[in-house]
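Asker: coords please:
(2 chains)
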Amino acid sequence: MSLLEINNLTTQFKTNQGTVSALRDVSYQVEAGEVLGIVGESGSGKSVGMLTLMGLLASNGRVTSGTIKFDGEDISPSNLDSKKKRNDYENKMRALRGNKMSMIFQDPMTFLNPVLKIGIQMTEGILAHTKCTKAEARKRAVELMKQVGIPSPKNRFEQYPFEFSGGMRQRIIIAIALACNPKLIIADEPTTALDVTVQAQILELIKKITKDTGTAVIMITHDLGVVATLCDRIAIMYGGKIVEEGTTDEIFYKSKHPYTEGLLKSINNSEKDTSEPLIPIPGTPPDLLNLPKGCAFMARCPYTMKICKAQQPVTTKYSKTHSCSCWLYCMDESYITVS
Amino acid sequence: MKVISQFLRFDGGDIINEKLLEVKDVCKYFEVKRGYKEPQYVKAVNHVSFEINKGETLGLVGESGCGKSSLGRTLLRIYEPTSGSIKYRGDEITHLSKHRLLPYRKKIQMIFQDPYASLNARLTVGEIIAEPMVIHKMYNPKHRIERVQELLKTVGLKPDHIRRYPHEFSGGQRQRIGIARTLALDPEFIVCDEPISALDVSIQAQVINLLEKIQAERGISYLFIAHDLGMVKHISHRIGVMYLGHIVEMGPSNEIYRAPYHPYTKALLSAEPIPDPKSARTKKRILLEGEIPSPINPPKGCPFVTRCPYAMEDCQVAMPNSYKFGDRLVACFLYSPRRLRQRENFSIEPLLNKKQED
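Answerer: As a prediction, this is how the structure comes out:
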């Protein structure tokens, strides 16, 4: 059984302009101890997916369908029609968040509360989820700070966030996420705000943690370099859907979907000596307010066919791990329902 | 596709060997006042010298806070340089008055990082692009409109976008509007201050290709500031690596990426995540410890001494000179003639590689 199973998840937001389908029929699994990379542009639904999973959607967001199973427990946020169901769900999530399931946020500058000492912020989760005294929580926090590589942790415990640099703050956030030995860490662009040299330190740290503790990580990013370095499996998102999923090698060397192909061609690999011209993907990401009836990538795709316009593509499987939803690879005509 | 792309690329051979901009010993210090204490200085740019030829792109890389944006702004005299000289086509422009600087401002333009903040939300696209021409009293109003439409076509937008407002465009399109505004005055030199870092991955390549196309057509020189090392390598002919206000290494981009000399360049390039899983697995990373020191209190001697794995006694005392190897410059004592003489063979690369294996 997988650690996390997500099936047919759909999330919508009600806005003044209409309903935005941020997540459409998304399914994936995460096994214990693996690193799954979720790659997509802004607005592709990668962050909304994680917020749905954590039950942290804004008040205008609603999960219309789908199930989530985490560590054998059903935590589906759909069909919360009665107050009792909502309360039950919220209580369940409260026990999980920061405990078995924790999150690393993008911006280390805004995540920490500037008026509270680092120590208080670090022990907060430990005190809430485990039965222990303050002294024990403090001991654990100092241990964690040592684990993520913060020098002289005992003095640092009493300091405020402004006394830490960006990389140090990100380390603190990782330490907070690790506090209760989670089974799953969701990292939402943890290195985007950092410099390359600091990014390398943080990636190395995340790698070490997954190896030492066997924690599974979902890594959300738009940097293909980061996923190539860190991830075991990759899911590519576009327009609120997963368009391709596979192991890192399958995505980089056997990519099928035109969008994945386009992404790989539009970045420069600085290790190659020849300066090949970049081939950009024309056009802009789709407007989630009025998505086309067919494939969301149709407007930018170089291989558009008639069927792409009329019907959502079906998912084709290539191996146990590799699948792609694109009409180009659908060999079975029986899937086509429109004439 | 390939044939067109070859035309787009402005290759090394096509650079006209004509110095456009000469920067010598430029410093920019910012004063920091703290109450009644003596004012301190942030040494953002420290004795930087380089030249840019016509039709050339010089890439500038470094971590945040290393002074690369300050340098770009100092060249345009948005910031007044503290000392040093900036020569444009041989003319000294360092101390020109605002009025006498105007004709040079026409020739030196800038593309800004954030396409959401650099366009006035209350002006139409046409007004935004025409504004520089109004300021410099170029063309009559009717001609200006024609020119704006032409510019919009150049950057890949439609001429009838002229009456729209910036909020109607996406990030990539806004950056194109910014580029059109920059081109309005027919500049010869453009400072691109992280023009792609606010854009989506699939859009970045569009803007890079546009910049390359413009360069091929008009022979414009760029100073390209960015922290995405892959993109900088792609667009630049030469690269300068900055650390704490100093340019620590400079040379042709391919050579720097193939064999970085300075320990900082080595670490910076090894830290870059490579979008290729096979080489990412085998790649040896040099992890630097700690972070960039504060530019108010830079270390004595070499700025990199606090994090350098090869730091020696000399490094603590004095700032190394720039040593020249062919068309490459490196400011590091490892490459001083004395050090090189001490080593068995005079080649440069084995030194760093050997140390790495230890």
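Asker: kindly export the lowest-mean-pLDDT helix or strand in chain A (C-alpha atoms) in CSV.
Answerer: Within chain A, no helix or strand scores below helix A:108-111, which has a mean of 80 by mean pLDDT, DSSP states H and E. Provided in CSV are the C-alpha atoms of helix A:108-111 (Å, rounded to 0.1, in the frame of the first residue of the first chain):
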residue,chain,number,x,y,z
PRO,A,108,11.8,31.7,4.3
MET,A,109,11.5,35.5,4.9
THR,A,110,7.7,35.4,5.6
PHE,A,111,7.2,32.0,7.1
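Asker: so how far is that helix off the chain centroid?
Answerer: 18 Å (C-alpha atoms, centre = their mean, to the nearest Å).
Asker: ramachandran angles for A:K85?
Answerer: phi -60, psi -40 (degrees, to the nearest 10).
Asker: quickly find the element holding the residue nearest to it when sequence neighbours are not counted.
Answerer: In this structure, A:K85 finds its nearest non-sequential neighbour in A:N79, 7.3 Å apart by C-beta to C-beta, 6 or more residues apart in numbering or on different chains. All C-beta atoms are positioned from the backbone trio N, CA, C, and that covers glycine. Following DSSP states H and E, there is no helix or strand that holds A:N79.
Asker: re earlier: can you name the residues in contact with the least confident helix or strand of chain A?
Answerer: Contacts to helix A:108-111, defined as C-beta atoms under 8 Å, 6 or more residues apart in numbering or on different chains, come from residues A:105, A:166-167, A:169-170, A:172-173, A:193-194.
Asker: for chain B, tell me which of those residues show up nearby.
Answerer: Restricting the contacts of helix A:108-111 to those within reach of chain B (C-beta under 8 Å from any C-beta of the partner chain) leaves A:166-167.
Asker: could you list which of the contacts of helix A:108-111 belong to strands?
Answerer: In strands, judged by DSSP state E, none of the contacts of helix A:108-111 are found.
Asker: pLDDT added to the contacts of helix A:108-111, as CSV?
Answerer: Shown next, in CSV, are the contacts of helix A:108-111 (pLDDT from 0 to 100):
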residue, pLDDT
A:F105, 84
A:G166, 81
A:G167, 82
A:R169, 89
A:Q170, 88
A:I172, 91
A:I173, 91
A:A193, 76
A:L194, 80
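Asker: who wins for neighbours among the contacts of helix A:108-111?
Answerer: A:Q170 (28 neighbours; other C-beta atoms under 10 Å in any protein chain shown).
Asker: quick one, what contacts the residue of chain A found nearest chain B?
Answerer: Closest residue of chain A to chain B, C-beta to the nearest C-beta: A:G225 (3.1 Å). By C-beta under 8 Å, 6+ apart, the contact list for A:G225 reads A:267, B:230, B:272-275, B:280.
Asker: what pLDDT, on average, does the host helix or strand of it get?
Answerer: Assigning secondary structure by DSSP H and E places A:G225 in helix A:224-230. Here helix A:224-230 scores 90 as its mean pLDDT.
Asker: shaky segments in chain A?
Answerer: A:272-275, A:338-339 (pLDDT under 70).
Asker: all the strands of the stretch 1-150 of chain B, residue numbers only.
Answerer: B:16-32, B:40-54, B:57-61, B:83-88, B:91-92, B:108-111 (DSSP state E, counting those that start in this stretch).
Asker: that older thread, state the distance from the residue nearest to A:K85 to B:L199.
Answerer: For A:N79, the distance to B:L199 equals 39 Å [C-beta to C-beta, to the nearest Å].
Asker: please apply the same query to A:V227.
Answerer: Taken as C-beta to C-beta, the span from A:V227 to B:L199 is 19 Å.
Asker: the two: which has the busier surroundings?
Answerer: Using other C-beta under 10 Å, the more surrounded residue of A:V227 and B:L199 is A:V227, with 29 against 21.
Asker: that one contacts A:T248, doesn't it?
Answerer: Yes. Between A:V227 and A:T248 there is a contact at 6.9 Å, judged by C-beta atoms under 8 Å.
Asker: residues shared between the contacts of these two?
Answerer: A:37, A:234.
Asker: what packs against the host helix or strand of B:S270?
Answerer: Taking DSSP H and E as the criterion, the element that holds B:S270 is helix B:263-271. On a contact count with 3 or more C-beta pairs under 8 Å, 6 or more residues apart in numbering or on different chains; DSSP states H and E, helix B:263-271 meets helix A:196-213, strand B:238-243, strand B:246-252, helix B:253-258.
Asker: just the strands in the stretch 201-350 of chain B please.
Answerer: Using DSSP E, counting those that start in this stretch, strands in the stretch 201-350 of chain B cover B:221-225, B:238-243, B:246-252, B:323-325, B:328-330.
Asker: nearest to B:E38, out of the ones you listed?
Answerer: strand B:246-252 (24.2 Å; C-beta to C-beta).
Asker: so which residues make contact with that closest one?
Answerer: Against strand B:246-252 from outside (C-beta under 8 Å, 6+ apart): B:12, B:46-50, B:237-242, B:256, B:260-262, B:264-265, B:303-304, B:319, B:327-332.
Asker: can you map out the helices along chain A?
Answerer: Residue ranges of the helices in chain A, as given by DSSP state H, are A:46-54, A:83-96, A:108-111, A:118-129, A:134-147, A:153-156, A:166-178, A:196-213, A:224-230, A:248-253, A:258-265, A:306-310.
Asker: next one: the stretch 101-250 of chain B
Answerer: B:125-135, B:141-154, B:171-183, B:201-218, B:229-235 (DSSP state H, counting those that start in this stretch).
Asker: mean confidence score for the second one?
Answerer: Per-residue confidence for helix B:141-154 averages out to 91 on the pLDDT scale.
Asker: equivalent analysis for the last one, please.
Answerer: If you average the pLDDT over helix B:229-235, you get 88.
Asker: circling back to that earlier point, and the buried ones among the contacts of strand B:246-252, selectable in ChimeraX?
Answerer: This is how ChimeraX selects the buried members of the contacts of strand B:246-252, with burial counted by 16 or more other C-beta atoms under 10 Å in any protein chain shown:
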select /B:46,47,48,50,237,238,239,240,241,242,256,260,261,262,264,265,303,304,319,328,329,330,331,332
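Asker: for B:H136, give me its contacts.
Answerer: B:102, B:105-106, B:185.
Asker: the residues you listed: which two are farthest apart?
Answerer: Pairwise across the contacts of B:H136, and taking C-beta to C-beta, the largest span is found between B:L102 and B:L185, at 10.7 Å.
Asker: before we move on, back to that, in the helix holding B:S270, what counts as buried?
Answerer: Residues of helix B:263-271 classed as buried: B:263-271 (neighbour count, 16+ other C-beta under 10 Å).
Asker: closest to chain A among the contacts of B:H136?
Answerer: B:L185 (26.8 Å).
Asker: check what contacts stretch B:314-321 and list those residues.
Answerer: Stretch B:314-321 has contacts (C-beta under 8 Å, 6+ apart) with B:246, B:299-305, B:308, B:331-333, B:336.
Asker: and the chain, what are its domains?
Answerer: I went with chain A, as the question did not name one. Chain A breaks down by automatic domain parsing into domains covering A:4-100+A:183-287, A:108-179.
Asker: wrong one, chain B
Answerer: Using automatic domain parsing, the domain parsing of chain B gives B:2-243, B:263-357.
Asker: now those as CSV including distance to A:I202?
Answerer: Listed next are the domains of chain B as CSV, based on distance: least, C-beta to C-beta, whole Å:
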stretch, distance to A:I202
domain B:2-243, 14
domain B:263-357, 11
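Asker: any stretches of the stretch 51-200 of chain B with poor pLDDT?
Answerer: For the stretch 51-200 of chain B, no stretch has pLDDT under 70.
Asker: near chain A, which residues of it?
Answerer: Neighbours of chain A within the stretch 51-200 of chain B, by C-beta under 8 Å from any C-beta: B:63-64, B:170, B:172-173, B:200.
Asker: what's the farthest-apart pair in those?
Answerer: B:E63 and B:Q173 (29.8 Å).
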